[in-house]
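J.: Kindly generate the corresponding structure for this input.
(one chain, ligands or ions: 1)
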Amino acid sequence: MKILAEKTILATGGIGGLYEKSTNVRHLTGDAIAIAIKHKIELKDLSYIQIHPTTFYHKDGDDSCFLISESVRGEGAKLYDKNMQPFVNELLPRDIVTQAILKQMAIDQTEFVWEDLRPIPKKELQEHFPTIVNHCLKMGYNPYEECIPVVPAQHYFMGGIKVNLNSQTSMSNLYAVGETACNGVHGKNRLASNSLLESLVFAKRAAQHIKKSFSKTNEFPRCFDDNDINFYSNKSELEKYYKDLVLSKIEEDKLRKERTPINISIKSKNHLKTSI
Ligand SMILES: Cc1cc2nc3c(=O)[nH]c(=O)nc-3n(C[C@H](O)[C@H](O)[C@H](O)COP(=O)(O)OP(=O)(O)OC[C@H]3O[C@@H](n4cnc5c(N)ncnc54)[C@H](O)[C@@H]3O)c2cc1C
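T.: Sure thing, here's the model as predicted:
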């Protein structure tokens, strides 16, 4: 197979389609990750997957989950167990709130917990969160008068195809940008609202790097010359193969990290300053 490009950029987004519950659209299944695995391109932190604590629960949902943004908790919304009792500080980081919700669901034997938006003044709820209010109403819940059911769902992929600060992968002439790439900026737990760093800043850096190194030649590198094109003819088989490949590598990375935990001991404030 000929790749008729001197430079190629992988940008297939997240991996939410691999999970039963995700805020991502269903067709985002990490195809670029599968391609990278197949061609032995370096990957990084594949098991760093962010689960958002609060998405609207609905029983028969096979579509993407609707996000109940943490801004509502920032404005005063509360989380309750099945007996309408508080069980977690709603303002803790995403991973901690998610763990607390999953634990509570296991204790209560429920498929969701309750989120109460009523502490937010009605006018503010109406003006600041119209999309959330409308979604709840559409799903048969009136958030001005009652709690809504929420459940954690996969949201963001911090790991991915390992890239440097110019978004170059370990294969020459191949770049990766956006959620499919991993340059380590998010660590293990992305903070809200900064994914555009990868999509804008590092995509721009890739473009600048390509522009600088573009040779305007008619000679194309033959990266995947020995590929068998028949492999790509059966869509459903290919999808299954890619999904299994990515999920098995995620599991492998998770087990490897569990076996070799990172211990950071901070001896003093000054020590921390010099370490940074
Ligand atoms: C509900 C929700 C809310 C969010 N809110 C925020 C926020 O407030 N702030 C923030 O910073 N981030 C937010 N994010 C995260 C952010 O939106 C994503 O990380 C970002 O859009 C990823 O951009 P991307 O270009 O990497 O991927 P995408 O925008 O997902 O684009 C990937 C593209 O690749 C295509 N594609 C995938 N596979 C293939 C294939 N095999 N062949 C061809 N094409 C393919 C897809 O169709 C898609 O067009 C949110 C995400 C979600 C889901």
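
J.: For the stretch 151-276 of the chain, which segments count as strands?
T.: Shown for the stretch 151-276 of the chain, the strands assigned by DSSP state E, counting those that start in this stretch span residues 160-162, 174-176, 181-182.

J.: Out of these, flag the one nearest the ligand.
T.: Closest approach to the ligand among the strands of the stretch 151-276 of the chain is made by strand 181-182 (7.7 Å; CB to the nearest ligand atom). For the C-beta atoms, the positions are set from N, CA and C on the backbone; glycine is no exception.

J.: Can you tell me the element Pro149 falls in?
T.: Using DSSP states H and E, Pro149 sits in strand 148-157.

J.: Ile35 too?
T.: helix 31-38.

J.: hmm, who's touching that helix?
T.: 10-12, 15, 41-43, 46, 160-161, 169, 176, 180, 241-243, 245-246, 249 (CB atoms under 8 Å, 6 or more residues apart in numbering).

J.: Now, of these, which are buried?
T.: Buried subset of the contacts of helix 31-38 (neighbour count, 16 or more other CB atoms under 10 Å): 10-12, 15, 41, 43, 46, 160-161, 169, 176, 180, 242-243, 245-246, 249.

J.: Those also near the ligand: which ones?
T.: Among the buried ones among the contacts of helix 31-38, the residues within reach of the ligand (CB under 6 Å from any ligand atom) are 11-12, 180.

J.: Domains of the protein: list them as residue ranges, please.
T.: The chain breaks down into these domains under automatic domain parsing: 8-48+158-259, 51-154.

J.: Look through the stretch 1-150 of the chain and state the residue closest to the ligand.
T.: Closest point on the stretch 1-150 of the chain to the ligand, by CB to the nearest ligand atom, is Gly13, at 2.7 Å.

J.: Just give the number of residues close to that residue.
T.: Gly13: 19 surrounding residues under other CB atoms under 10 Å.

J.: Hmm, it is touching Glu179, no?
T.: Yes: the criterion here is CB atoms under 8 Å, and Gly13 meets it with Glu179 at 5.0 Å.

J.: For stretch 66-77, C-alpha coordinates in PDB please.
T.: C-alpha atoms of stretch 66-77 as PDB (Å, rounded to 0.1, in the frame of the first residue of the first chain):
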ATOM      1  CA  PHE A  66     -25.000  13.500  28.600                       C
ATOM      2  CA  LEU A  67     -22.600  15.400  30.800                       C
ATOM      3  CA  ILE A  68     -23.800  17.100  33.900                       C
ATOM      4  CA  SER A  69     -20.900  19.500  34.200                       C
ATOM      5  CA  GLU A  70     -19.100  20.000  37.500                       C
ATOM      6  CA  SER A  71     -19.900  23.700  37.200                       C
ATOM      7  CA  VAL A  72     -23.300  22.900  38.700                       C
ATOM      8  CA  ARG A  73     -21.600  21.400  41.700                       C
ATOM      9  CA  GLY A  74     -19.300  24.400  41.800                       C
ATOM     10  CA  GLU A  75     -22.500  26.500  42.000                       C
ATOM     11  CA  GLY A  76     -23.900  24.400  44.900                       C
ATOM     12  CA  ALA A  77     -25.500  21.200  43.500                       C
END
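
J.: so how far is it from its chain's centroid?
T.: Chain-centre distance of stretch 66-77: 18 Å, with CA atoms, centre = their mean, to the nearest Å.

J.: on that earlier part again, now, the contacts of helix 31-38 that are in helices?
T.: 241-243, 245-246, 249 (DSSP state H).
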